[in-house]
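Student: Model the following, please.
(chains A, B, C and D)
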Number of protein chains: 2
Amino acid sequence: MPSKTGFTSVWSREAPAKRTREQPSLSREQIVRAAMELLDTEGMDALSMRKLGARLGSGATSIYWHVANKEELLELVLDEVYGQARIPDPAVTGWRDAAAAFAYGLRSAILEHPWSVTLIGAMPSLGPNALAVGTTLMNAFELAGFTGMTLEYASASLLSYTLGATMPEVSWLNTVGRSSADAEEWMKAIRPQMRVAAADYPKLLARYEDYERIDFSRARHLAFDFGLISILDGLEARLRQT
Amino acid sequence: MPSKTGFTSVWSREAPAKRTREQPSLSREQIVRAAMELLDTEGMDALSMRKLGARLGSGATSIYWHVANKEELLELVLDEVYGQARIPDPAVTGWRDAAAAFAYGLRSAILEHPWSVTLIGAMPSLGPNALAVGTTLMNAFELAGFTGMTLEYASASLLSYTLGATMPEVSWLNTVGRSSADAEEWMKAIRPQMRVAAADYPKLLARYEDYERIDFSRARHLAFDFGLISILDGLEARLRQT
DNA sequence: GCTCTTCTCGTACAGCGTTCGAGTTCACTC
DNA sequence: GAGTGAACTCGAACGCTGTACGAGAAGAGC
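Tutor: Predicted structure coming up:
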């Protein structure tokens, strides 16, 4: 049953009527869990309603009783990812540590479920878990001393950086991982493309040679840290200004 | 012809053989341009090879001579979006203004082509335009005084923030825009969901009431600015440390 | 026993990306 | 100027997709 507005989302519909049967053979939680398992093991492309039905030992179209759409199902699984990002109590760790822990937590939740990045770009995150993450983050920033709209903006900034840093990273890992090649082979394949770009930026080629000697996962971690510290420093500076 | 590694991307294949015919009825640029028009006017879901073929006045499968895949086609159109993000010469404006202009430019390029956010999450950005954007940004940061790996990290941080701030914004606009409802109606629809979240964060409800009185596009702009200034401040602070 | 609600699911449909192979059109060689 | 081969176009067909629909089962309340 769609809401009055033209827009539809799981989160804008009232909760489904409570069921009378004790244990129907299918439930929304069960479906969401199975979908996540499928996504984690086989990736986004492998998630079809028929496959999901098969995994649940039921007909594909039975799912549609518990979930309106495939898109609704995807909204639900995405919110589960946000559910994995936990924040420590800022009252005990201080706001800065809490904020950093939040960033790491969200980042690793997304890295654990690489398919989630395609969803983040495709739909707004309005589920209870996403909202909870947002509000607890705002709690932390409130404790830091942010007020009014800047409280909003500050937490949005940290969230933005975390997403923006993690998403391209994951989509890179997704693409490399989908192929049989490892990162090293992959760099070799992209070399001709690099030469073209190097025309405008001569140092790029030398820089690129360095890349081939780098421990990638370590570099990715350092890069994330660098940006995180920078943005927290910047926010702290803004705090002192007021 | 795929490269030696298992991974495939337009950018990892050598350029297609030069054509002998003067003007074949189809060309890669033509296809990409038509695809972008279709995407801009009708959105991601409307882009099918058949529709694209029809728009080009040719058979759907003819496209496959010029492009290996639908995914390759999408890599090409995504890179065109990066092509719209221009950076002023940092030597005349100073690095900070150049960096800010870059952020605004990329942000508005993405906003002009809202379908691009689904692609950013789905594939790495390795096209010539994306690379050019990255290298010119690095040029600016080099001028600022960043060196070695921190040059890398600093520009990645700004890029991350810009993407992370813009993408959720666009996916929200996409969803609202797809429905007949405007933002206001939409807020009303989401209210029940808000009440649930408000249990953990009582102030949320009052805050939410404020939202309904806000000029959204102005708020989005202010939020982006706030984060941008914060991260630039943070980067500047790191610069002074070394 | 009847009816109403809740839930399952086989069938069917329109649309998708892509493969294949036959067909056309041109630049080129002998 | 006939012949060859590369460069392209494209209709038909395949296997897959999400989902509408309607028939049916199973239990609850009267």
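Student: Just give me the longest helix of chain A.
Tutor: Longest helix of chain A, by residue count under DSSP state H: helix A:148-178.
Student: Pull out the buried positions in that one.
Tutor: A:150-176 (16 or more other Cβ atoms under 10 Å in any protein chain shown). The C-beta positions use only the backbone N, C-alpha and C, and glycine is treated the same way.
Student: ditto for stretch A:54-61
Tutor: Quick answer for stretch A:54-61 (16+ other Cβ under 10 Å): A:Leu56.
Student: before we move on, what about stretch A:195-202?
Tutor: A:197-198, A:201.
Student: same deal with stretch A:224-242?
Tutor: Buried residues in stretch A:224-242 (16+ other Cβ under 10 Å): A:224, A:226-236, A:238-239.
Student: export it as CSV, just CAs?
Tutor: Only the C-alpha atoms of stretch A:224-242 are listed here, as CSV (Å, rounded to 0.1, in the frame of the first residue of the first chain):
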residue,chain,number,x,y,z
PHE,A,224,42.1,7.5,5.1
ASP,A,225,43.8,8.4,8.3
PHE,A,226,45.3,11.5,6.8
GLY,A,227,42.0,12.9,5.6
LEU,A,228,40.3,11.9,8.8
ILE,A,229,42.8,13.8,10.9
SER,A,230,42.6,16.8,8.5
ILE,A,231,38.9,17.1,8.7
LEU,A,232,38.8,16.6,12.5
ASP,A,233,41.4,19.3,12.8
GLY,A,234,39.4,21.6,10.5
LEU,A,235,36.2,21.0,12.6
GLU,A,236,38.1,21.6,15.8
ALA,A,237,39.3,24.9,14.4
ARG,A,238,35.8,25.9,13.5
LEU,A,239,34.8,25.1,17.0
ARG,A,240,37.4,27.4,18.5
GLN,A,241,36.3,30.3,16.2
THR,A,242,32.8,30.6,17.8
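Student: Can you show me the helices along chain A?
Tutor: Under DSSP H, chain A gives helices at A:28-42, A:49-55, A:63-66, A:70-83, A:90-93, A:95-112, A:116-122, A:128-144, A:148-178, A:183-189, A:191-198, A:203-211, A:216-241.
Student: hmm, the last one touching chain B?
Tutor: Yes. Part of helix A:216-241 sits near chain B under the criterion Cβ under 8 Å from any Cβ of the partner chain, namely A:219, A:222-223, A:226-227, A:229-235, A:237-238.
Student: Any idea how many residues pack against the closest residue to A:Tyr64 other than its chain neighbours?
Tutor: Using Cβ to Cβ, 6 or more residues apart in numbering or on different chains and skipping the chain neighbours, the partner closest in space to A:Tyr64 is A:Met49 (8.0 Å). Neighbours of A:Met49 under the rule other Cβ atoms under 10 Å in any protein chain shown: 17.
Student: Pretty sure A:Met49 sits against A:His66.
Tutor: No. Look at A:Met49 against A:His66 with Cβ atoms under 8 Å: they stay out of range, at 11.8 Å.
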